[in-house]
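1. Following is a predicted model, sequence given first.
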Amino acid sequence: MKKHLDWLTEEEKVKRLSAATSRVYEVIRANWPTNPLEVARLLGDDGKEKSLSAKYIYHFRKLKKLGLIMVKKMGNTYIAWPNEIEKLRIIRDMVREV
């Protein structure tokens with residue numbers, strides 16, 4: 001089954017993001033790999049760790065659903081990196097096999 005909005009290019013997907021989600025995406029692209037609390041710190045957001053983590057995990061899931069980032073849970077936190085980095089990793093693995 002195709003993912004939602006899978007037919008759009010990356011630029012078109014980014015244009016459809018809300019302002020807050022767009023800022024989160026830019027922080028992830030500039031500082032990967034990163035976690036929700038690190039994104040909150042880089043955006044200057046203050047508050048309790050639990051509420052900040054939940055707030056930014058929402059944006060992580062939204063970006064993952066669009067296929068813009070990859071997310072992995074490690075322990076009690078989530079780690080995110082841009083999907084373009086994952087594509088480079090796959091290409092590198094394919095070149096090593098040749």
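-> Received it, and whenever you're ready, just let me know what you need. Predicted model only: the values in this text are computed from it and were never measured.
2. May I see the buried residues of stretch 44-54?
-> In terms of neighbour count (16 or more other C-beta atoms under 10 Å), stretch 44-54 has its buried residues at 52, 53. From N, CA and C alone the C-beta is placed, and that goes for glycine too.
3. Need the residues that contact it.
-> Residues from elsewhere that reach stretch 44-54 (C-beta atoms under 8 Å, 6 or more residues apart in numbering): 36, 37, 40, 55, 77.
4. Please enumerate the strands of this structure.
-> Using DSSP state E, the strands found in the chain span residues 69-74, 77-82.
5. From residue 85, how far off is the closest residue to residue 59 other than its chain neighbours?
-> Spatial nearest neighbour of residue 59, excluding adjacent residues (C-beta to C-beta, 6 or more residues apart in numbering): residue 24 at 4.2 Å. Counting by C-beta to C-beta, to the nearest Å, the separation of residue 24 from residue 85 is 16 Å.
6. So these two - more neighbours on which side?
-> Legend: neighbour count by other C-beta atoms under 10 Å for residue 24 and residue 85, higher for residue 24 (27 against 15).
7. So for the more buried one, what's the pLDDT?
-> With respect to pLDDT, residue 24 scores 94.
8. shouldn't it be in contact with residue 61?
-> No: at 11.0 Å, residue 24 does not count as touching residue 61 under the criterion of C-beta atoms under 8 Å.
9. Might you list the low-confidence residue ranges for this structure?
-> Within the chain, the stretches with pLDDT under 70 are 1-6.
10. Now do the same contact list for the residue most central in space within it.
-> Among the residues of the chain, the one closest to the centroid is residue 69, at 3.6 Å (C-alpha atoms, centre = their mean). Contacts for residue 69 (C-beta under 8 Å, 6+ apart) come out as 25, 28, 60, 63, 80, 81, 82, 83.
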